[in-house]
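Student: build me a structure from this.
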Amino acid sequence: MHVNLGLRSYDILVGHGILDRIGAEYARLNLGAKAAIVTNPTVSALYLSLVQNSLEDSGIEVHVVTVPDGEKYKTLDTVGAIHGKLMKAGLDRTSCVVTLGGGVIGDMAGFVAATYMRGINFVQIPTTLEAQVDASVGGKTAVDHESGKNMVGAFYQPRFVLIDTGTLLSLDKRDVRSGLAEVIKHGLIRDQALVDFLDEKMEQVAELEIEADELDWLIARNCEIKAGVVEADETEKGLREILNYGHTVGHAIESASSFRLRHGEAIALGMMAEARIAVEKGICEEDTLTLQNALLKRTGLGVWSPDVRQSAVIELMASDKKAREGVIRFVLLEGVGRVIHSDDVSASEIAAGLAYVKEIATPF
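Tutor: This next block holds a predicted model:
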């Protein structure tokens with residue numbers, strides 16, 4: 001599929017067993033004689049040799065940069081270390097960064113590409129469900145700061161995204177569940193047909209026990225939903241904010257848990273809280289909240305870490321990058337495929353939403 005952003009347009013390739021196409025596509029786009037693959041030890045053990053060999057067979061000089069696995073390493077210090085390795089390897093403005101991994105790798109290495117020599121080419125090869133359906137599409141790159149998640153970053157589009165759905169079969173169940181939070185979110189904000197598919201097959205989807213063509217369709221449909229929003233509002237001045245549904249509360253929960261909760265686990269809790277707020281404000285029907293929470297629970301989402309303090313969550317929300325002039329911004333669900341933007345959510349409504357989530361969530 002094609003993401004139409006004028007001079008920053010690019011293609012997303014989706015299929016099963018297509019990792020070895022990376023070299024040919026890279027060469028076709030003439031992305032540079034030197035490439036740096038940025039990955040982590042877990043992913044490199046599974047897929048690095050295939051990706052590296054494909055690039056080298058296409059005549060590309062490949063350098064590998066391996067960084068530790070985990071959100072806690074998504075920092076400016078790690079970015080600086082990667083910059084240093086690119087300089088040592090002799091990468092210049094005609095070179096390319098290839099991200100191979102999940103959302104942490106994609107966000108961080110994308111930011112490296114955006115800032116190295118004022119910007120060089122980069123390619124996304126996402127290997128987790130969350131990264132394939134969300135993080136790899138749209139050009140958001142960032143690292144975390146002690147003040148909050150993704151506070152230092154840039155909008156910087158890849159040259160192409162290659163999604164091999166076969167990589168999902170190597171994920172543990174928790175990683176799959178985490179990614180499904182974004183899948184459910186996309187359906188709720190944009191696509192009744194996707195919600196219907198999930199409602200019919202949620203348990204099979206959660207176990208990845210669907211046909212390969214169905215899995216390809218599921219990933220591609222999510223990419224289409226997000227790409228459509230990004231095409232209309234690349235730098236989040238309006239419509240793109242709908243993709244933040246569940247994230248105002250969810251990002252704060254994720255940070256307050258010291259990242260013990262995975263991104264999708266926290267976003268699921270954020271969706272539960274924000275939908276409850278919408279119901280209490282008379283914006284959303286109770287039936288929609290029930291449908292959403294049932295889908296999340298059927299995947300095994302809705303887990304609360306007991307060390308997360310409500311006061312810490314509220315404090316982190318106030319410093320979230322989505323806040324405008326000190327006002328916390330929310331995306332509230334009206335019904336499937338319908339959301340509104342709101343900066344009229346009181347502290348007591350936020351507290352009530354968090355209390356509701358703690359009451360219905362499963363202890364971590």
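
Student: which elements pack onto the helix or strand residue 153 falls within?
Tutor: Assigned by DSSP states H and E, residue 153 belongs to strand 148-155. Counting contacts by 3 or more CB pairs under 8 Å, 6 or more residues apart in numbering; DSSP states H and E, strand 148-155 packs against helix 103-115, strand 140-145, helix 247-256. For every residue, glycine as well, the C-beta is placed using N, CA and C.

Student: quick one: mean pLDDT for the helix or strand just after that strand?
Tutor: Proceeding N to C from strand 148-155, the next assigned helix or strand is strand 160-164, under DSSP H and E. Per-residue pLDDT values across strand 160-164 average out to 98.

Student: give me the sheet partners of strand 160-164 and which way each runs.
Tutor: strand 10-15 (parallel), strand 121-126 (parallel) (DSSP bridges).

Student: so which of those is the most packed in?
Tutor: Compared across the strands paired with strand 160-164, strand 121-126 shows the largest average neighbour count, a mean of 27 (mean count of other CB atoms under 10 Å).

Student: neighbouring contacts of that one?
Tutor: 19, 22, 26, 31-32, 51, 95-103, 106, 109-110, 113-114, 131-132, 135-136, 156, 158-164 (CB atoms under 8 Å, 6 or more residues apart in numbering).

Student: try 6 Å
Tutor: 31, 96-100, 106, 110, 113, 132, 136, 158-162 (CB atoms under 6 Å, 6 or more residues apart in numbering).

Student: grab the nearest non-local neighbour of residue 314.
Tutor: residue 350 (6.1 Å; CB to CB, 6 or more residues apart in numbering).

Student: and the one you found, how many neighbours?
Tutor: 22 (other CB atoms under 10 Å).

Student: from residue 341, how far out is it?
Tutor: Between residue 350 and residue 341 the distance, using CB to CB, to the nearest Å, works out to 16 Å.

Student: ditto for residue 64
Tutor: 43 Å.

Student: repeat that for residue 249.
Tutor: From residue 249 to residue 341 the distance is 15 Å (CB to CB).

Student: quick one: which of these two has more around it?
Tutor: When neighbours are counted by other CB under 10 Å, residue 249 and residue 341 differ, and residue 249 comes out ahead with 30 against 14.

Student: buried stuff in stretch 185-193?
Tutor: 185-191 (16 or more other CB atoms under 10 Å).

Student: so how far is that stretch off the chain centroid?
Tutor: 16 Å (CA atoms, centre = their mean, to the nearest Å).

Student: what does it contact?
Tutor: 194-195, 198, 222, 225, 242, 245-246, 292, 336-337, 339.

Student: out of those residues, who's the most crowded?
Tutor: residue 246 (31 neighbours).

Student: which residues touch the residue nearest the centre of the chain?
Tutor: The centre of the chain sits closest to residue 135, judged by CA atoms, centre = their mean, with a distance of 3.0 Å. Contacts for residue 135 (CB under 6 Å, 6+ apart) come out as 103, 106.

Student: quick check on it: phi, psi?
Tutor: The phi/psi pair for residue 135 (degrees, to the nearest 10) reads phi -60, psi -30.

Student: show me where the stretch 251-364 of the chain has its strands.
Tutor: Here the stretch 251-364 of the chain has its strands, by DSSP state E, counting those that start in this stretch, at 303-304, 330-335, 338-342, 362-363.

Student: closest to residue 288 out of those?
Tutor: With CB to CB as the criterion, residue 288 lies closest to strand 330-335 of the strands of the stretch 251-364 of the chain, at 5.3 Å.

Student: run through the bridge partners of the closest residue in space to residue 288 that isn't next to it in sequence.
Tutor: Leaving aside its chain neighbours, residue 288 sits nearest to residue 335 (5.3 Å; criterion: CB to CB, 6+ apart). Here residue 335 sits in beta bridges with residue 338, going by DSSP bridges.

Student: neighbours of residue 335, how many?
Tutor: Count around residue 335 with other CB under 10 Å applied: 15.

Student: and what of residue 175?
Tutor: The burial count for residue 175: 18, using other CB under 10 Å.

Student: again with the one 5 residues further on
Tutor: Residue neighbour count, defined by other CB under 10 Å, stands at 26 for residue 180.

Student: helix, strand or coil for it?
Tutor: helix (DSSP: H, G, I helix; E, B strand; the rest coil).

Student: now it: how far from residue 202?
Tutor: For residue 180, the distance to residue 202 - CB to CB - is 8 Å.

Student: now do residue 46
Tutor: For residue 46 relative to residue 202 (CB to CB), the value is 27 Å.

Student: cool, residue 83 as well?
Tutor: As defined by CB to CB, residue 83 lies at a distance of 43 Å from residue 202.
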